[in-house]
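>>> Got a sequence here, can you model it:
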Amino acid sequence: IQTVYDAFPTALGVTVAVVFVVVGVAFRSILIPLRSVFTISLTLGLVYGLATFVYEDNILNFFQLGGVTGLGALYWIPPILSFSICVGLGLDYDIFLLTRILEYRQAGMSDRQSILMGLARTGRIITAAGGIMAVAFFGLLFSRMLLLNQLSFFLVAAVLVDTLLIRTMVVP
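Below you'll find the predicted structure:
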């Protein structure tokens, strides 16, 4: 367990570097990858904090739901496993939205018009895709296996936070 946690900062750094380089090259910008890394980090921070509230601080115990009953601790692997999946999902939605905005900008629209049109054209698709992913991951939320239960929580929370909050309110 300690070996995995010792390697995690390196994996985090490599992931951030790869995201920065790929997005920077794709969009020929330095600010866009900075914003992408920031919004993905914001999603991860919110989700990891929410998981801590639910499983360590027992914030939802009053609902008496098996899937979100706090145990006083998180199992060691769900934060590690969910990291790459959450980054991939967030980056996918981000690239989809940014590509559409860039297309409108290259067609001659102003920055503001491009953002509004990009959001209008992709917002429903991103939200629907997020909803589908959340439903798919939700099935494991009430698993009796702690690993599956907590991993499902991380993924459902990440998809919902990213699609409903970050992509609609923070990115524009």
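>>> low-scoring pLDDT stretches of the protein, where are they?
59-70, 171-172 (pLDDT under 70).
>>> who's in contact with residue 127?
Listed by Cβ atoms under 8 Å, 6 or more residues apart in numbering, the contact set of residue 127 reads 163, 164, 168. The C-beta positions use only the backbone N, C-alpha and C, and glycine is treated the same way.
>>> and the host helix or strand of it, which residues are buried?
Element membership of residue 127 [criterion: DSSP states H and E] is helix 111-138. The neighbour-count check on helix 111-138 (16 or more other Cβ atoms under 10 Å) flags 114-115, 117-119, 122-123, 126-127, 129-130, 133-134, 137-138 as buried.
>>> What of stretch 20-31?
Applying 16+ other Cβ under 10 Å to stretch 20-31 flags 20, 23, 24, 27 as buried.
>>> Name the nearest residue to the second one, sequence neighbours excluded.
Setting aside the residues directly before and after it, residue 23 is nearest to residue 33 in space (Cβ to Cβ, 6 or more residues apart in numbering), at 4.0 Å.
>>> Verify the stated contact: the one you found with residue 18.
No - Residue 33 sits out of contact with residue 18 when judged by Cβ atoms under 8 Å, with a separation of 10.3 Å.
>>> These two: who's more crowded?
Higher neighbour count among residue 33 and residue 18: residue 33, with 20 against 12, using other Cβ atoms under 10 Å.
>>> Next, the more buried one: phi, psi?
Per-residue torsions, residue 33: phi -70, psi -30 (degrees, to the nearest 10).
>>> Please name the residues that touch it.
Residue 33 neighbours (Cβ under 8 Å, 6+ apart): 19, 20, 21, 22, 23, 24, 27.
>>> any chance of those residues in a markdown table, plus secondary structure?
Below are the contacts of residue 33 laid out as a markdown table (DSSP: H, G, I helix; E, B strand; the rest coil):
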| residue | secondary structure |
| --- | --- |
| 19 | helix |
| 20 | helix |
| 21 | helix |
| 22 | helix |
| 23 | helix |
| 24 | helix |
| 27 | helix |
